[in-house]
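J.: Attaching a predicted model along with its sequence, questions to come.
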Amino acid sequence: MAAPGENLRINGERLWDALMEMAKIGPGVAGGNNRQTVTDEDGEGRALFQKWCEAAGLTMGLDTMGNMFARREGTDPDALPVYVGSHLDTQPTGGKYDGVLGVLGGLEIIRTLNDLDIKTRHPIVVTNWTNEEGTRYAPAMLASGVFAGVHEQDWAYAREDADGKAFGDELERIGWKGDEEVGARKMHAFFELHIEQGPILEAEGKDIGVVTHGQGLSWTQVTITGKESHTGSTPMPMRKNAGLGMAKVLGLVDEIAWWHKPDAVGAAGHIEVYPNSRNVIPGKAVFTVDFRSPKLEVIQDMEARLRKGAQAICDEMGLGIEFEKVGGFDPVEFDAGCVTAVRNAAERLGYSHRNIISGAGHDACWINRVAPTAMVMCPCVDGLSHNEAEEISREWATAGAEVLLHAVVETAEVVG
Ligand code: GLV
Ligand code: MN
Ligand code: MN
């Protein structure tokens, strides 16, 4: 099959306009977005995406986890579809591009193929995966994880947010729980376009990251129990300060990640103390330790050091401690054939590129288990993401979507 010509390009203005239009839904407080999963805003974003897909002649499928699948037919009824996509949900203080670029970049390639009347043998399906971010409901990549058979659907439905609302109930409430059996679809391949969310591509002046691997992740929720008492009248020796226990464990988390430098990172982004009142010594602290590394043995070692070290800290202080693993996946190696398709696309289009390991988790990390998968990355300003100030240039977005287009078209096989 002949590769698509280097003059096959997307409409960068149209892609940018779609990104800006979507960003109007669930605006943040500082120029970004708060469109958290299975909220009313998520529902609104989905409806807009569906409207655009239907206008582009696509047929929408919706599974029982709320994953959306917009299909453009191929010429061969027996050929499995090539999937593209990412997620439309955001962090509470998220940017306009994390996830959204991968979904709307997928829509843009369909619009381009329609404009040019290009037919492919394999159908192409643009996907919006539910709850990639994992903020409201841990773990991240919840619905792609159920799709890939990593999590049970009933377990996912029962996940609760901070207000005790179950994921399944909220998905139903916003009207996006479908009938299609999750995970029943078979894929010829899956490609995800995403911003890097790190500083490497911009620093090296590269247009494209050819993602060969994804680093692994481990989320451990830690609950430390002490005793609530008056901050003024409780003598120092009598205190059971769960907040202080947490502070010491957080120091340990940082030390553990540094110990494994440069192959590891660690932090706790979610922390809560109870009752969170100025003049009450915290009786309980709950926080989630996020460790990541491209090496499985490093992740395992960090988890073991955390459990041992945190237990010792709490024993010494007379505090109780419990650990619960609430998310994680092993380091990922993407499919060699799909990775080559991405690299060839960047070459053909004349974009500078380098191989890269994804620092963040992505739906592609789970889908890689059930289909040949690869990712395309484009730079983001100062490597900043999970921040409302997250920014990319139109040129970067265009280059990323064009590489996605070529990788997909080559894999889906142009007819005629
Ligand atoms: C997903 O956004 C992650 O936590 O990497
Ligand atoms: Mn993302
Ligand atoms: Mn994210």
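T.: In hand now; what should we look at? Ligands and ions are numbered 1, 2, ... in the order given.

J.: what ranges of the stretch 301-416 of the chain fall below the confidence cut-off?
T.: Under the criterion pLDDT under 70, no range of the stretch 301-416 of the chain is flagged.

J.: In it, what residue spans correspond to strands?
T.: For the stretch 301-416 of the chain, the strands defined by DSSP state E, counting those that start in this stretch occupy 320-329, 332-333, 353-358, 373-378, 414-415.

J.: try the stretch 151-300 of the chain
T.: Going by DSSP E, counting those that start in this stretch, the stretch 151-300 of the chain shows strands at 189-195, 208-214, 216-225, 229-230, 265-274, 280-281, 284-293.

J.: nearest to Ala312, of those strands?
T.: Ala312 lies closest to strand 216-225 among the strands of the stretch 151-300 of the chain, at 12.9 Å (Cβ to Cβ). C-beta: built from backbone N, CA, C; applies to glycine.

J.: deepest of the strands of the stretch 301-416 of the chain, which one?
T.: Mean neighbour count, computed with mean count of other Cβ atoms under 10 Å, is highest for strand 373-378 among the strands of the stretch 301-416 of the chain, reaching a mean of 29.

J.: hang on, the earlier thing: export the strands of the stretch 151-300 of the chain to a markdown table and append columns for distance to Phe167, mean neighbour count and mean pLDDT.
T.: Shown next, in a markdown table, are those (distance: least, Cβ to Cβ, whole Å; neighbours: other Cβ atoms under 10 Å; pLDDT from 0 to 100):
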| stretch | distance to Phe167 | mean neighbour count | mean pLDDT |
| --- | --- | --- | --- |
| strand 189-195 | 22 | 30 | 99 |
| strand 208-214 | 24 | 24 | 98 |
| strand 216-225 | 16 | 22 | 98 |
| strand 229-230 | 36 | 13 | 98 |
| strand 265-274 | 17 | 17 | 98 |
| strand 280-281 | 31 | 18 | 98 |
| strand 284-293 | 17 | 22 | 98 |
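
J.: export the strands of the stretch 301-416 of the chain to CSV and tack on distance to ligand 1?
T.: Output for those, formatted as CSV (distance: least, Cβ to the nearest ligand atom, whole Å):
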stretch, distance to ligand 1
strand 320-329, 9
strand 332-333, 12
strand 353-358, 8
strand 373-378, 13
strand 414-415, 34
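
J.: what helices or strands is the longest helix along the chain leaning on?
T.: Ranked by number of residues, the top helix in the chain under DSSP state H is helix 296-317. Applying 3 or more Cβ pairs under 8 Å, 6 or more residues apart in numbering; DSSP states H and E, one finds that helix 296-317 contacts strand 216-225, helix 242-259, strand 284-293, strand 320-329.

J.: any residues touching that helix, and which ones?
T.: 216-218, 220, 222, 224, 226, 240-241, 244-245, 248-249, 252-253, 256-257, 259-260, 263-264, 266, 289, 291-293, 320-321, 323, 328, 330-331 (Cβ atoms under 8 Å, 6 or more residues apart in numbering).

J.: helix/strand/coil for Glu133?
T.: coil (DSSP: H, G, I helix; E, B strand; the rest coil).

J.: what number of residues lie near it?
T.: 23 (other Cβ atoms under 10 Å).

J.: Low-confidence ranges, the stretch 1-150 of the chain, go.
T.: For the stretch 1-150 of the chain (pLDDT under 70), the answer is 1-2.

J.: Quick check: residues of it near ligand 2?
T.: With Cβ under 5 Å from the ion as the criterion, the stretch 1-150 of the chain comes near ligand 2 at residues 98-99.

J.: tell me the strands in the stretch 1-150 of the chain, going along the chain?
T.: 59-62, 68-72, 82-86, 119-120, 124-128.

J.: Can you tell me which of these is nearest to Ser385?
T.: Judging the strands of the stretch 1-150 of the chain by Cβ to Cβ, what sits closest to Ser385 is strand 82-86, at 13.1 Å.

J.: quick one: strands adjacent to that closest one?
T.: Using DSSP bridges, strand 82-86 pairs in its sheet with strand 124-128 (parallel), strand 189-195 (parallel).

J.: Without its sequence neighbours, what residue ends up closest to Ile195?
T.: Cys380 (4.3 Å; Cβ to Cβ, 6 or more residues apart in numbering).

J.: and if you look at Gly168?
T.: Nearest residue to Gly168, sequence neighbours excluded (Cβ to Cβ, 6+ apart): Tyr157, at 2.9 Å.

J.: That neighbour: what's it in contact with?
T.: 166-169, 171.

J.: Now whichever residue of the stretch 101-250 of the chain sits closest to ligand 2: phi and psi?
T.: Going by Cβ to the ion, ligand 2 is nearest to Glu132 of the stretch 101-250 of the chain, at 5.4 Å. Main-chain dihedrals, Glu132, degrees, to the nearest 10: phi -70, psi -40.

J.: what's the neighbour count on it?
T.: Other residues within reach of Glu132, judged by other Cβ under 10 Å, total 27.

J.: Give me every residue in this structure lying close to ligand 1.
T.: 133, 140, 360-361 (Cβ under 6 Å from any ligand atom).

J.: count of neighbours near the nearest residue to Thr112 once chain neighbours are set aside?
T.: Distances taken as Cβ to Cβ, 6+ apart place Ile10 nearest to Thr112, at 4.8 Å, with adjacent residues excluded. Number of residues near Ile10 (other Cβ under 10 Å) recorded here: 24.

J.: what does Trp155 give?
T.: Using other Cβ under 10 Å, the number of residues around Trp155 comes to 11.

J.: Then Val249?
T.: If we define neighbours as other Cβ under 10 Å, then Val249 has 23 of them.

J.: Pro262 now?
T.: Quick note: Pro262 (other Cβ under 10 Å) scores 7 neighbours.

J.: ok now do it, which residues does it touch?
T.: With Cβ under 8 Å, 6+ apart, Pro262 has no contacts at all.

J.: for stretch 170-190, which positions count as buried?
T.: Residues of stretch 170-190 classed as buried: 170-171, 174, 176-178, 182-183, 185, 187-190 (neighbour count, 16 or more other Cβ atoms under 10 Å).
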